[in-house]
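J.: One predicted model, sequence on top.
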Amino acid sequence: MAEPDEFARRRAGQLPLDLAGAPSFDDEAFLVSPSNRAAFEMIAKWPDWPDPALLLVGPAGAGKSHLSAIFQRRSGAVSIDPAAIASPLRLVSAPPRAAILDGLDAVEDETALFHLMNCLRESGARLLLAARRSPSGESFALPDLLSRLRRAPVVEIGAPDDDLIRAVLEKLFRDRQLQVDPGLVDYVALRLERSLDAARAFVRLLDEEALARGRRVTRVLAGELLEAMQSS
């Protein structure tokens with residue numbers, strides 16, 4: 001999310017220490033809602049999946065990376081770089097129980113991914129593939145790979161609903177030890193982009209702007225920031 005120019009200029013030269021800015025991918029920090037419940041429950045079923053590979057599909061900012069991090073902790077999965085898939089021969093001597101590729105859309109070497117999926121399947125490992133959209137003939141040219149990907153079950157994580165956005169905003173304010181009126185959370189939730197990344201960025205900017213002005217976080221200040229974001 002781009003930072004509004006007006007607010008960026010106002011804070012020029014001031015770099016407050018952002019102790020709560022990095023998103024937490026802890027299990028407890030994942031807030032389950034109707035938009036992500038099916039995906040969360042399928043991750044929790046590991047290793048009892050209907051297929052060795054599982055596709056986690058959803059838009060940017062929906063929580064795919066958070067779910068991927070939860071899966072990695074629970075399974076001990078090795079992380080695979082989608083832009084530089086290593087030769088599967090490196091996994092033969094000590095095949096992992098699970099692997100994760102967060103960013104299927106960024107894969108360039110389709111042949112390497114196909115061989116990797118075969119290697120993991122033969123070893124009995126589970127593979128979580130996170131992507132923004134389900135694989136199609138437009139995104140993958142290798143027929144064997146596309147066939148293998150389409151065989152994998154798909155679990156979708158939708159854009160955050162209003163209740164989830166409210167819950168996330170409340171948690172973000174608590175993490176920053178900011179006391180805000182309940183009406184402010186509702187006001188922001190109804191007007192903010194439906195993205196967890198957008199919620200994190202907004203609360204960070206709001207906190208920094210209040211600090212820069214020496215004011216508490218108010219609905220008026222939140223409205224000014226929202227207006228600046230919409231006009232930028």
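T.: Arrived safely, thanks for sending. Numbers count the residues shown, from 1 in each chain.

J.: use CA for all of it now, contacts and neighbours both
T.: Noted.

J.: so where do the helices sit in the protein?
T.: 5-10, 37-44, 64-75, 89-92, 110-123, 143-151, 162-175, 182-189, 196-213, 219-231 (DSSP state H).

J.: Would you reformat those helices as TSV and include mean pLDDT?
T.: Output for those, formatted as TSV (pLDDT from 0 to 100):
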stretch	mean pLDDT
helix 5-10	50
helix 37-44	94
helix 64-75	93
helix 89-92	55
helix 110-123	91
helix 143-151	94
helix 162-175	91
helix 182-189	92
helix 196-213	92
helix 219-231	89
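
J.: out of these, nearest to Glu28?
T.: helix 64-75 (9.7 Å; CA to CA).

J.: wait, what's in contact with Ala199?
T.: Ile165, Val168, Leu169, Leu192, Glu193 (CA atoms under 8 Å, 6 or more residues apart in numbering).

J.: Looking at those residues, which is nearest Ala83?
T.: Among the contacts of Ala199, Glu193 lies closest to Ala83 (CA to CA), at 28.8 Å.

J.: tally of neighbours for the closest one?
T.: Per other CA atoms under 10 Å, the neighbour tally for Glu193 reads 17.

J.: Confirm for me that Gly63 is in contact with Leu196.
T.: Yes: at 7.0 Å, Gly63 counts as touching Leu196 under the criterion of CA atoms under 8 Å.

J.: need the helices of the chain in TSV with distance to Gly103, can you?
T.: Output for the helices of the chain, formatted as TSV (distance: least, CA to CA, whole Å):
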stretch	distance to Gly103
helix 5-10	31
helix 37-44	16
helix 64-75	9
helix 89-92	20
helix 110-123	12
helix 143-151	14
helix 162-175	24
helix 182-189	28
helix 196-213	16
helix 219-231	28
